[in-house]
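Novice: Have a look at this fold, sequence not included:
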């Protein structure tokens, strides 16, 4: 049962334009959301996060938006750079003692120079 | 400031052998998590440990898999009598105790191939 879904397996964007990566979740108990970036043969790298008490969090070129009513979040990267080419995973966590993360299946972003 | 370290990076085992995967968390981190990534899938939680304690093993298969995080030394994920379906990338993550433990820092992974 996939509780976090990333329905677009891949996305191509021209350098300098905006990249929008989407993520949907089904578990209303999730209250913390994270985006990870992963290069081949490496582990995921934490990128940005958002708590359910917010609807937006910004860090430089990266902004995450959360729409709780739609159970949807998105990651905006602007301007996109070739070095952003990687697989992006959305992850979510419920406020339990365990703090384990539920991951989506990832979106492969290719930024074309 | 070394990150999360995992070894070996690649491990090949024949069916029926044992696989031992090691994870050293970041300095100062006392929470360790193991995830498995099958081909074309996202990471799936397996187990969450603190020093000498298994906190949550709800994602661990009931048989052949075990994990430990001793007082001294790395965390170990052990797979006995491996089968082809165990072939995957296994990632370890760590987080500091206290606040922001949601932000887990991942190691480079161990890619297990069962022949």
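Specialist: Here it is on my side, so go on. As the structure is a computational prediction, the values presented were derived from the model and not from experiment.

Novice: what's across from residue B:56 in the sheet?
Specialist: residue B:48 (DSSP bridges).

Novice: right, and it touches residue B:47 too?
Specialist: Yes - Residue B:56 is in contact with residue B:47 according to C-beta atoms under 8 Å; the separation is 6.8 Å. C-beta: built from backbone N, CA, C; applies to glycine.

Novice: of the two, who's got more company?
Specialist: residue B:47 (25 against 17; other C-beta atoms under 10 Å in any protein chain shown).

Novice: I'd like the distance between that one and chain A.
Specialist: As defined by C-beta to the nearest C-beta, to the nearest Å, residue B:47 lies at a distance of 9 Å from chain A.

Novice: and residue A:80, what is it in contact with?
Specialist: A:13, A:14, A:15, A:16, A:17, A:18, A:19, A:109, A:111 (C-beta atoms under 8 Å, 6 or more residues apart in numbering or on different chains).

Novice: Can I have the buried ones of the residues you listed as a PyMOL selection?
Specialist: Only the buried entries of the contacts of residue A:80 go into this PyMOL selection, using 16 or more other C-beta atoms under 10 Å in any protein chain shown:
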select buried, chain A and resi 13+19+109+111
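
Novice: For the contacts of residue A:80, which two are the farthest from each other?
Specialist: A:16 and A:109 (14.2 Å; C-beta to C-beta).

Novice: buried residues in the helix or strand in which residue A:49 is found?
Specialist: Applying DSSP states H and E as the criterion places residue A:49 in strand A:45-51. Going by neighbour count (16+ other C-beta under 10 Å), the buried part of strand A:45-51 is A:46, A:47, A:48, A:49, A:50.

Novice: closest to residue B:13 among those?
Specialist: Nearest to residue B:13 among the buried residues of strand A:45-51, with distances taken as C-beta to C-beta, is residue A:46, at 30.7 Å.

Novice: Do you know the pLDDT at that closest one?
Specialist: With respect to pLDDT, residue A:46 has a value of 90.

Novice: residues touching it, list them.
Specialist: Contacts of residue A:46 by C-beta under 8 Å, 6+ apart are A:34, A:36, B:103, B:104, B:105, B:106.

Novice: Pick out the lowest-pLDDT one from those residues.
Specialist: residue B:103 (77).

Novice: give me the beta-bridge partners of the nearest residue to that residue once chain neighbours are set aside?
Specialist: Distances taken as C-beta to C-beta, 6 or more residues apart in numbering or on different chains place residue A:46 nearest to residue B:103, at 5.5 Å, with adjacent residues excluded. Applying DSSP bridges to residue A:46 yields these beta-bridge partners: residue A:36.

Novice: quick one, strands of chain A?
Specialist: If DSSP state E is used as the criterion, the strands of chain A fall at A:4-5, A:10-14, A:19-25, A:30-38, A:45-51, A:56-59, A:62-67, A:72-77, A:86-94, A:102-103, A:107-112.

Novice: report the angle between the axes of the fifth one and strand A:72-77?
Specialist: The one in question is strand A:45-51. Inter-element angle recorded for strand A:45-51 and strand A:72-77: 130 degrees (by axes from the mean of the first three to the mean of the last three C-alpha atoms, to 10 degrees).
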